[in-house]
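**Student:** Test case, fold it:
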Amino acid sequence: MHRSIRSSSLISIVNLHKSFPMGGDRITALRGVSATIDRGEYVAVMGQSGSGKSTLMNILGCLDTPTAGSYELDGRPVGDLSDDEQAFIRNRKIGFVFQAFNLLPRMDALRNVELPLLYRGMNRMERSRRSMEALDAVGVADRARHRPNEMSGGQRQRVAIARALVNEPSIILADEPTGNLDSGTGEEVMAIFDRLNGDGHTIVLVTHEEHVARHCDRILRLRDGKIVGD
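**Tutor:** Model (predicted):
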């Protein structure tokens, strides 16, 4: 387990509420959630299906907005930002890792990792250099020219982690990152997150698996849209 030095708050959420319509009813996913996450922290968000953990992750990733409450990322109130500014934050400050990998099937690993840099307008040579460095950092540089269907699940998740890293984000958000992997491969992927946190990366991951959460230094437990343990 890696306890990193904390310098200042990266995330501050205060009294977050989130509700949305569903089939004529209104579903409440978050009920007054407040928390602070500092730079360098390694945090698991745990809860059963329907606890609100994915909704919270989507808000932290600027993929959704709360119904009420406030969210500051790196000292900036996210609710005050325009759509373009939020898109900029998603591209520059946040690295996403998903359970389903979300790799483009027609592109090889290198091109998949390059995508965030392409959106930044970075030139091809620099994109390629940085993407190869990211692939090497997670141990799959030798798969750079392979497409997703030519790789194992563990290799695909490593490529997805490389893509999350390539923009040198402020925070890595991982949603059930071992959910599609066998237990041995899942431990290998978690070892990568352990090492990244040891190198100073802030990591927040959603999981319902206790053995995954035990890799983290801190666990936020959600139930029925509320934090019931920290």
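
**Student:** Okay, and the beta partners of the residue most central in space within the chain?
**Tutor:** By C-alpha atoms, centre = their mean, the chain has its centre lying nearest to residue 173, at 1.3 Å. In this entry, residue 173 is beta-bridged to residue 96, residue 204, by DSSP bridges.

**Student:** how about it, what does it touch?
**Tutor:** The contact partners of residue 173, taken as C-beta atoms under 8 Å, 6 or more residues apart in numbering, are 57, 60, 61, 94, 95, 96, 97, 204, 205. For glycine as for every other residue, the C-beta is placed from the backbone atoms N, C-alpha and C.

**Student:** one more time with 6 Å
**Tutor:** Residues in contact with residue 173, defined by C-beta atoms under 6 Å, 6 or more residues apart in numbering, are 57, 61, 96, 204.

**Student:** now it: how far from residue 59?
**Tutor:** Between residue 173 and residue 59 the distance is 11 Å, computed by C-beta to C-beta, to the nearest Å.

**Student:** how much space between the residue nearest to the centre of the chain and residue 218?
**Tutor:** According to C-beta to C-beta, residue 173 and residue 218 sit 15 Å apart.

**Student:** Ok, residue 184 next?
**Tutor:** With C-beta to C-beta as the criterion, residue 184 and residue 218 are 26 Å apart.

**Student:** So which of these two has more stuff around it?
**Tutor:** residue 218 (16 against 8; other C-beta atoms under 10 Å).

**Student:** wait, isn't that one in contact with residue 42?
**Tutor:** No. Counting by C-beta atoms under 6 Å, residue 42 is not a contact partner of residue 218; they are 7.0 Å apart.

**Student:** rewinding a little: so which of the contacts of residue 173 wins on neighbours?
**Tutor:** Counting neighbours by other C-beta under 10 Å, residue 204 leads those with 25 neighbours.

**Student:** So that one is in contact with residue 42, correct?
**Tutor:** No. In this structure residue 204 lies outside contact range of residue 42 using C-beta under 6 Å: 8.3 Å.

**Student:** what's in contact with the helix ranked longest in the chain?
**Tutor:** Secondary structure of the chain per DSSP state H: the longest helix is helix 183-198. Applying C-beta under 6 Å, 6+ apart, the set of residues contacting helix 183-198 from outside is 2, 42, 138, 154, 157, 161, 178, 203, 215.

**Student:** try stretch 202-222
**Tutor:** Outside stretch 202-222, the residues within contact range by C-beta under 6 Å, 6+ apart are 3, 10, 39-47, 51-53, 57, 171-176, 178, 190, 193-194, 197, 227-230.
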